[in-house]
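Visitor: Sequence first, then the predicted structure:
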Amino acid sequence: MESQKSSPMPKKTKTTRKKEIVDPCPICSKELHLNHEFTQRIGLLDEMDEVTGWLCPHCRSEFNIDNQLTKFMGEDGMRGEA
């Protein structure tokens, strides 16, 4: 029998480009842009079904219609009203 020399397999290099964040959340910096027509923001409505603000789906922080923070839902149980 002929002995086989085992050659190390060449390592695959991962060539992933980091996506440029188009519309980051002001708190967690995660992407809110979905496509040219939609966003990932969750709309907040009042009793009259009027938009009063939005919620980040990643960190759950709430903002008013002027993009000002109203509720901070931080990590590790840190939460508070702004």
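Guide: Cool, got the structure.
Visitor: which other residues reach stretch 44-58?
Guide: Identification of contacts with stretch 44-58 by CB atoms under 8 Å, 6 or more residues apart in numbering yields 25, 27-28, 30, 32, 40-43, 61-65, 70. Where you see a C-beta, it was placed from the backbone N, CA and C, and this is true even at glycine.
Visitor: Separate out the buried members of those.
Guide: C25, I27, C28, L32, Q40, R41, S61, E62, F63 (16 or more other CB atoms under 10 Å).
Visitor: could you list every residue that touches the second one?
Guide: Right, I27. C56, C59, S61, L69, F72, G74.
Visitor: Which strand or helix spans it?
Guide: Assigned by DSSP states H and E, I27 falls within no helix or strand.
Visitor: Now do it against L55, distance only.
Guide: 11 Å (CB to CB, to the nearest Å).
Visitor: and the nearest residue to L44 once chain neighbours are set aside, bridged to which residues?
Guide: Leaving aside its sequence neighbours, L44 sits nearest to G53 (CB to CB, 6 or more residues apart in numbering; 4.4 Å). Judged by DSSP bridges, the bridge partners of G53 are L44, N64.
Visitor: All the strands of the chain, in order from the start?
Guide: Ranges of strands in the chain, per DSSP state E, are 42-45, 51-55, 62-64, 69-73, 79-81.
Visitor: Switch those strands over to a markdown table; also include mean pLDDT and distance to H36.
Guide: Below are these laid out as a markdown table (pLDDT from 0 to 100; distance: least, CB to CB, whole Å):
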| stretch | mean pLDDT | distance to H36 |
| --- | --- | --- |
| strand 42-45 | 96 | 18 |
| strand 51-55 | 97 | 19 |
| strand 62-64 | 96 | 22 |
| strand 69-73 | 89 | 27 |
| strand 79-81 | 57 | 34 |
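Visitor: possible to save the buried ones among the contacts of stretch 44-58 as a markdown table with distance to M48?
Guide: Formatted as a markdown table, the buried ones among the contacts of stretch 44-58 follow (distance: CB to CB, whole Å):
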| residue | distance to M48 |
| --- | --- |
| C25 | 27 |
| I27 | 28 |
| C28 | 30 |
| L32 | 26 |
| Q40 | 25 |
| R41 | 20 |
| S61 | 24 |
| E62 | 18 |
| F63 | 19 |
